[in-house]
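J.: Please find the sequence and the predicted model below.
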Protein chains: 2
Amino acid sequence: MKSRDDKGTNTTKKMVEEITSMREDFAQWYTDIVKKTELIDYSSVRGCMILRPYGYAIWENIQRELNKMFVASGHENVYMPMFIPESLLRKEKEHVEGFAPEVAWVTHGGDEELTEKLCVRPTSETLFCEHYANIIHSYRDLPKLYNQWCSVVRWEKTTRPFLRTLEFLWQEGHTAHADADEAQEETLRMLDTYAGFCEKVLSIPVIRGRKSDKEKFAGAKATYSVESLMHDGKALQSATSHNFGDGFARAFGIQYTDKENKLQYVHQTSWGMSTRIIGAIIMVHGDDSGLVLPPAVAPIQTVVIPVSMHKEGVLSRAESLKAELAEKYRTVIDKSDKQPGWKFSEYEMKGVPIRIEIGPRDIEKGEAVLVRRDNGEKIQIKLDEISEKTGLILNEIQSGLYKKALKLREDKTYIAADPESFKKILEETPGFVKAMWCGNPECEAAIKESTGATSRCIPFEQEELSDKCIYCGGRARKMVYWAKAY
Amino acid sequence: MKSRDDKGTNTTKKMVEEITSMREDFAQWYTDIVKKTELIDYSSVRGCMILRPYGYAIWENIQRELNKMFVASGHENVYMPMFIPESLLRKEKEHVEGFAPEVAWVTHGGDEELTEKLCVRPTSETLFCEHYANIIHSYRDLPKLYNQWCSVVRWEKTTRPFLRTLEFLWQEGHTAHADADEAQEETLRMLDTYAGFCEKVLSIPVIRGRKSDKEKFAGAKATYSVESLMHDGKALQSATSHNFGDGFARAFGIQYTDKENKLQYVHQTSWGMSTRIIGAIIMVHGDDSGLVLPPAVAPIQTVVIPVSMHKEGVLSRAESLKAELAEKYRTVIDKSDKQPGWKFSEYEMKGVPIRIEIGPRDIEKGEAVLVRRDNGEKIQIKLDEISEKTGLILNEIQSGLYKKALKLREDKTYIAADPESFKKILEETPGFVKAMWCGNPECEAAIKESTGATSRCIPFEQEELSDKCIYCGGRARKMVYWAKAY
């Protein structure tokens, strides 16, 4: 494990477009990354982003891994129309109140004005409910475990790539069950699926918990979420899972005949994860050199960079190495005429987990230099062991990123005993604040008003920090995670 | 290869919902199939369909196979916004004239009227062009080989599931090249990709050719298509590939600096295939018992049906057989309490290529009965050979369906020498009509007027049937395939 002279890297570092330092300006750092690593581009459509090949490939990897989990637990994919007639959207009262202010309305088709305007789906509960009312008749038709991959639109005033866009890609699961217990089980199973996905596939630690009534989904009986913490101490809701009880079923008339031949309403759930999660990947793992991608979703897991490419035998050896690695890992070779140092920092910026440098001296020794993106370590490796070692190191990076992120979250998780210290924590060292709450929405609103923090979730793992509500001093019912949030 | 007594099938045949016979009413046969095999459902959104799990799974298989081909030829996936500002749509004159009459317009976001209305993309040339103008600067940036999987909207008056819907799923490839030759090469390469996909993956024979100017895409220099023939003798345009020349590049200012440091316009292509192709699968392979699916895209390739399920050992043997087959093929087992005969016709209707029946007597003999959907053949097979044989038979079905469809097309392809026989053919024995054409759009329009047939394509494989245009008698320039079309 000898370190290689890295003068090359330093002298050419400046050639790669610079990324603002995180400490200097976190928001600018984020914007620099999404643009300069070519994840996205802007278009003339306000608030909508273009997912470029590198950004879209991350989403494809997320889709593939998450879809595997859904299918393994018996879910089936479907596709619903992208339009919802106004009258259909209005069928569930709370739901329409929650969504109507932020939908895009289609009023004309071709030259004709529509007799009923259509909204572009902000979410598809109403469409699934209408369909379920058509196809569910008997207990034999249950459960229905459907999922849809699609894009949705919410008319946001201010937008930021991945975090808040007018249109975004997501999946929305919609299920119908015979009874309340089964629906609750599904709600929590899918929350667990998301938690496992975040932790194992994205290396992002999450807090599982229930949302306060104020923060729950429009029309839900209960909303659960997984919450993660970004580098700047702000939280990001990474996925949600809702239990609707039989509220939608009553509004849409989704009934089935049970085994005793009695009519019953179904109980429903819905759950979703969106391209927003790519924002979390950036803000949890990234650093001042750019992206750091967890190997499981990195579009490129390994890049082979030939050094002194013009020297005899280098390119052909680099190519055979690339071919060998490509059998097991997503591997590319960069044979462009840029300087090696330039390439090093380019792939560093793009967050490629492993870079392999191979030059004439390496080949002579039957070796190559492997460089880890997560910690910068340079490792001299025998060429005949490189494929196996690459696999081991990718695994190490995957779990190492998780540990690093967990430590970051723990370092930025605080306990507040009174409103003043709560406020001070958020001003001086932003992060998660654990504090007791009486359950009164007025206290919740007052805390938000005075600190800017919202209740992120009521975690399943409760601690009794005190017996008093941090705001009103009344009897505390729950420990809550609070934070400023994206 | 002993035939099994199939009384069971006949007596329960009636239990499965009946499908109108093809000869009796082809349109109703089609509608019965799409509804009764649960490919789709209707919704309260006019002209939009719900792709149910069985229908969507076919699309997922199409997507996977087609995407593999795109990636293998160097294409990258991206995602563009679903909205196009009116001013952007208007940038290329022919393009907006072709599409404006059939777009859906978003005029309000939330409660606010938009200052500029947005159309829901009917196709995304304009968005790709705007992006290309931003990211293409030098010859080093070329070619750009992008593809997008998404849904698009066209405001059709009359709609039919898969064939013509307000919203449909598709992929649209958009590429930019340094010169005209490369763009033409790409246009034809992608047409060939579609042809190969139709023939090898969908078992659908196609005619490759160029569209007449009247039938070409709005804004294209040349449009090419692959055309297939349905059971009822009507044609279906199965995919298109367009060469735009530098028309869009000039309208959008997409220029690059070449190696001599001179500014040049790029040359572009676009190409697409949609869920429409599922309509072709139905109408090329289907029969009076329902769907017949090519194994390569069938959601279920093999169904195992235990017979006398309550008898000892049957279910466990059937399950181990299912597990064995599932390692290599998309396999399900039906353990529901329906009668075996009912199940037989249900999976027949759903077009599952192979059904395997296994009962106590079969197990005693170490055998099972394999039934082919394509020709109804029943084959007694040793259980220890069944996995291998299943693979061979799936291949046979895949190529057999192609041959059958090719024979059907050949049987329904006619030559017309004069307008009267042309008209008579289409009235009496609808199909492809080959006839010579002078190239004059007026003759083309007159033929459409008198026969209802449109020019489907000018095939690459030309024949000189005569030296006179079938309509005006002037000098013939091209042999054209004509047909009534979906």
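T.: The structure has been received and is ready for your questions.
J.: Let's see stretch A:164-173 as PDB, backbone CA atoms only.
T.: Below are the C-alpha coordinates for stretch A:164-173, written out as PDB (Å, rounded to 0.1, in the frame of the first residue of the first chain):
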ATOM      1  CA  ARG A 164     -38.300  21.000  -5.000                       C
ATOM      2  CA  THR A 165     -39.300  21.100  -8.600                       C
ATOM      3  CA  LEU A 166     -42.600  21.700 -10.400                       C
ATOM      4  CA  GLU A 167     -42.300  18.200 -12.000                       C
ATOM      5  CA  PHE A 168     -40.600  15.300 -10.500                       C
ATOM      6  CA  LEU A 169     -40.200  11.600 -11.000                       C
ATOM      7  CA  TRP A 170     -41.300   9.200  -8.300                       C
ATOM      8  CA  GLN A 171     -43.000   6.000  -7.500                       C
ATOM      9  CA  GLU A 172     -46.300   5.800  -5.700                       C
ATOM     10  CA  GLY A 173     -47.500   2.600  -4.200                       C
END
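J.: How about that stretch, which residues are buried there?
T.: Neighbour counts over stretch A:164-173 (16 or more other CB atoms under 10 Å in any protein chain shown) mark A:R164, A:T165, A:L166, A:E167, A:F168, A:L169, A:W170, A:Q171, A:E172, A:G173 as buried. In short, each C-beta sits where N, CA and C put it, glycine included.
J.: Tell me which two of these sit farthest apart.
T.: A:L166 and A:G173 (22.9 Å; CB to CB).
J.: avg pLDDT for stretch A:185-192?
T.: For stretch A:185-192, the mean per-residue pLDDT is 98.
J.: Next, count neighbours for A:Y414.
T.: 21 (other CB atoms under 10 Å in any protein chain shown).
J.: A strand includes it, no?
T.: Yes - counting by DSSP: H, G, I helix; E, B strand; the rest coil, A:Y414 falls inside a strand.
J.: How about the backbone phi and psi for the residue lying closest to it once chain neighbours are set aside?
T.: Distances taken as CB to CB, 6 or more residues apart in numbering or on different chains put A:I425 closest to A:Y414, at 4.8 Å, once the chain neighbours are dropped. Dihedral pair for A:I425: phi -60, psi -50, per degrees, to the nearest 10.
J.: Now stretch A:216-226: average pLDDT?
T.: pLDDT averaged over stretch A:216-226 gives 94.
J.: does that stretch come close to chain B?
T.: No - against chain B, stretch A:216-226 shows no contacts by CB under 8 Å from any CB of the partner chain, the least distance being 14.6 Å.
J.: Can you give the distance of that stretch from its chain's centre?
T.: Using CA atoms, centre = their mean, to the nearest Å, the distance from the centre of stretch A:216-226 to the centre of the chain it belongs to is 18 Å.
J.: Tell me the pLDDT of the residue in the stretch 151-300 of chain A that chain B sits nearest to.
T.: Closest residue of the stretch 151-300 of chain A to chain B, CB to the nearest CB: A:W155 (3.9 Å). Listed pLDDT for A:W155 reads 94.
J.: What is the burial count for it?
T.: 24.
J.: ok, it - contacts?
T.: A:W155 is in contact with A:P101, A:E102, A:V103, A:A104, A:L166, B:G109, B:G110, counting by CB atoms under 8 Å, 6 or more residues apart in numbering or on different chains.
J.: pLDDT at A:T11, what is it?
T.: Note on A:T11: pLDDT of 41.
J.: and the stretch 101-250 of chain A, which of its residues are near chain B?
T.: A:101-111, A:117-118, A:120, A:127, A:130-131, A:134-135, A:146, A:150-151, A:153, A:155, A:166-167, A:169.
J.: change it to 6 Å
T.: Within reach of chain B by CB under 6 Å from any CB of the partner chain, the stretch 101-250 of chain A has these residues: A:101-102, A:104-110, A:131, A:151, A:155, A:167.
J.: what about burial for those, which qualify?
T.: Buried subset of those (neighbour count, 16+ other CB under 10 Å): A:E102, A:A104, A:W105, A:V106, A:T107, A:H108, A:G109, A:H131, A:S151, A:W155, A:E167.
J.: Could you report the distance from the second one to B:A104?
T.: With distances defined as CB to CB, to the nearest Å, the gap from A:A104 to B:A104 amounts to 11 Å.
J.: The fourth one now?
T.: With distances defined as CB to CB, the gap from A:V106 to B:A104 amounts to 5 Å.
J.: just the strands in the stretch 151-300 of chain A please.
T.: Listed in chain order, the strands of the stretch 151-300 of chain A (DSSP state E, counting those that start in this stretch) span A:167-177, A:207-210, A:222-229, A:235-245, A:255-257, A:263-265, A:267-274.
J.: distance between the last one and the chain's centre?
T.: Mean C-alpha position of strand A:267-274 versus that of the full chain (CA atoms, centre = their mean) differs by 15 Å.
J.: now what about it, what contacts it?
T.: A:168, A:170, A:172-177, A:179-180, A:183, A:186-187, A:190, A:239, A:241-246, A:248 (CB atoms under 6 Å, 6 or more residues apart in numbering or on different chains).
J.: and the angle from that strand to strand A:235-245?
T.: 160 degrees (axes from the mean of the first three to the mean of the last three CA atoms, to 10 degrees).
J.: so what are the domain limits for chain A?
T.: Residue ranges for each domain of chain A read A:26-285, A:300-397, A:413-483, as given by automatic domain parsing.
J.: Can I get these in CSV including distance to B:K36?
T.: Shown next, in CSV, are the domains of chain A (distance: least, CB to CB, whole Å):
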stretch, distance to B:K36
domain A:26-285, 13
domain A:300-397, 43
domain A:413-483, 45
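J.: closest to B:I33 out of those domains?
T.: Judging the domains of chain A by CB to CB, what sits closest to B:I33 is domain A:26-285, at 17.2 Å.
J.: What residues of the helix ranked longest in chain A count as buried?
T.: Across chain A, the longest stretch assigned as helix under DSSP state H is helix A:386-411. Neighbour-count burial for helix A:386-411 flags A:386-387, A:390, A:393-394, A:397-398, A:400-402, A:404-405, A:408-409 (criterion: 16+ other CB under 10 Å).
J.: can you give me the mean pLDDT across that helix?
T.: Per-residue scores along helix A:386-411 average to 98.
J.: again with stretch A:132-151
T.: The average of the pLDDT scores along stretch A:132-151 is 98.
J.: Distance from that stretch to the middle of the chain?
T.: Counting by CA atoms, centre = their mean, stretch A:132-151 is centred 26 Å from the centre of its parent chain.
J.: Next: stretch A:256-264.
T.: The answer for stretch A:256-264 is 40 Å, by CA atoms, centre = their mean.
J.: go on, stretch A:228-235?
T.: 13 Å.
J.: can you give me the end-to-end distance of that stretch?
T.: With CA to CA, to the nearest Å as the measure, stretch A:228-235 spans 6 Å from end to end.
J.: Tell me the pLDDT of the residue in chain A sticking out farthest from the centre.
T.: Ranking residues of chain A by C-alpha distance from their mean position (CA atoms, centre = their mean) puts A:E312 at the top, at 45.5 Å. Confidence at A:E312, expressed as pLDDT, is 93.
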